[in-house]
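*Asks:* Using only what follows, build the 3D model:
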Amino acid sequence: MNSLKKILLGEQGLVVIFAAAFVIVSLFVPNFLTERNMLGLLQSVVTIGIVACTMMFCLASRDFDLSVGSIVAFSGMIAVMVSNATGSIPVGLLAALLCGAVVGFVNGIVIARFRINALITTLATMQIVRGLALIASDGRAVGINDPDFYQLALSRFLTVPTPIWIMLILFILFGFVLNRTVFGKNTLAIGGNPEASRLAGVNVVNMRVWIFALQGLVCGIAGILLASRITSGQPNAATGLELSVISACVLGGVSLAGGRAAMSGVIVGVLIMGIAENVMNLLNIQAFYQYVVRGLILLIAVLLDNLRSSAAGRRG
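*Replies:* Residues are numbered from 1 along each chain as shown. Here you go, the predicted model:
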């Protein structure tokens with residue numbers, strides 16, 4: 001019994017649960033395994049998957065960011081509005097990435113340098129940035145003037161939509177950063193013990209600022225792709241994204257207490273979130289029930305994190 005519990009709470013346990021769920025869903029849900037549905041499933045998790053890449057670093061360093069949904073919406077708005085105003089899509093994309101990075105940088109400065117609680121800071125930023133998106137658009141969706149903007153989401157490579165390739169590239173990139181670079185090792189060290197990391201020579205304040213700036217930049221990428229996919233800049237887009245992203249990360253074994261993260265786990269967590277929503281859509285379950293399921297997934301994710309932390313504490 002104890003060995004089974006260890007397997008289920010470990011990284012391999014998540015893979016076992018995912019594989020079992022995938023097989024069950026494939027057998028009992030019609031049309032689940034079709035190529036069209038598989039590509040649709042991956043398309044549906046692009047925003048969550050991209051943002052989870054850097055939320056993993058935030059959580060692993062004992063921080064978290066509740067403003068990601070607002071940054072995604074605001075970045076998408078900026079990309080569309082600047083592209084329309086200048087007649088240049090590249091300028092619009094650069095403006096969106098810059099805005100995302102600036103918001104993330106401000107979050108990092110306030111949290112790390114002024115030592116304001118991350119919950120309060122990012123909750124405030126979430127409201128401020130969402131408000132700016134609504135003010136800039138007068139509360140309405142902003143249409144795209146140049147049809148080439150749509151190609152960011154509609155273009156394909158080897159029959160697979162470009163946004164999915166971008167998500168996969170970011171998974172690989174940030175997996176490498178976490179496991180093979182000093183930046184990744186310092187992130188985990190800070191999450192494990194910030195004071196010991198500082199005494200070991202790690203600039204904890206600068207690291208935290210850079211993590212949040214990186215989070216904002218990646219939200220900019222997600223915002224651009226989302227705006228292209230929904231064919232407009234929507235000030236109310238990505239509402240509740242932060243909870244889905246945190247759920248995916250924690251399901252994937254990223255510790256809310258910091259110091260533990262694995263990209264492979266985050267990928268599985270993202271796919272679990274996607275499959276749950278995809279199955280409900282295939283079974284024509286009303287959207288109201290989907291809120292309940294997402295809430296339950298978040299609750300289960302936190303419970304699993306608590307069990308993993310307790311098991312790690314007993315081993316220690």
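
*Asks:* For the chain, which residues score under the pLDDT cut-off?
*Replies:* Along the chain, segments meeting pLDDT under 70 span 1-13, 311-316.

*Asks:* Which residue is the nearest non-sequential neighbour of L251?
*Replies:* Counting by Cβ to Cβ, 6 or more residues apart in numbering, L251 lies nearest to G269, which is 3.7 Å off, once chain neighbours are set aside. Where you see a C-beta, it was placed from the backbone N, CA and C, and this is true even at glycine.

*Asks:* Isn't that neighbour up against V245?
*Replies:* No - with contact defined as Cβ atoms under 8 Å, G269 does not count as touching V245 (9.5 Å).

*Asks:* tell me which residues in stretch 258-277 are buried?
*Replies:* 258-263, 265-277 (16 or more other Cβ atoms under 10 Å).

*Asks:* got the contact list for G233?
*Replies:* Counting by Cβ atoms under 8 Å, 6 or more residues apart in numbering, G233 touches G76, M77, I78, A79, V80, M81, S137, A141, V142, I144, A227.

*Asks:* Check N117 too.
*Replies:* N117 neighbours (Cβ under 8 Å, 6+ apart): I111.

*Asks:* same check, this time on the one 5 residues further on
*Replies:* With contacts defined as Cβ under 8 Å, 6+ apart, T122 is in contact with F64, D65, L66, S67, N107, I111.

*Asks:* For it, give its distance to A213.
*Replies:* 13 Å (Cβ to Cβ, to the nearest Å).

*Asks:* quick revisit: which one of the contacts of T122 is nearest S26?
*Replies:* Distances from S26 to the contacts of T122, taken as Cβ to Cβ, are shortest for F64 (33.6 Å).

*Asks:* The closest one and M55 touch, don't they?
*Replies:* Yes - with contact defined as Cβ under 8 Å, F64 reaches M55; the gap is 7.3 Å.

*Asks:* which of these two has more neighbours?
*Replies:* Counted by other Cβ atoms under 10 Å, F64 and M55 do not tie: M55 has more neighbours, with 29 against 21.

*Asks:* can you map out the strands along the stretch 151-300 of the chain?
*Replies:* Here the stretch 151-300 of the chain has its strands, by DSSP state E, counting those that start in this stretch, at 156-157, 160-161, 232-233.

*Asks:* Distance to A301 for these - can I get that in CSV?
*Replies:* Formatted as CSV, the strands of the stretch 151-300 of the chain follow (distance: least, Cβ to Cβ, whole Å):
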stretch, distance to A301
strand 156-157, 33
strand 160-161, 28
strand 232-233, 31
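
*Asks:* now, of those strands, which is deepest in the fold?
*Replies:* For those, average neighbour numbers computed from mean count of other Cβ atoms under 10 Å are highest in strand 232-233, which has a mean of 24.
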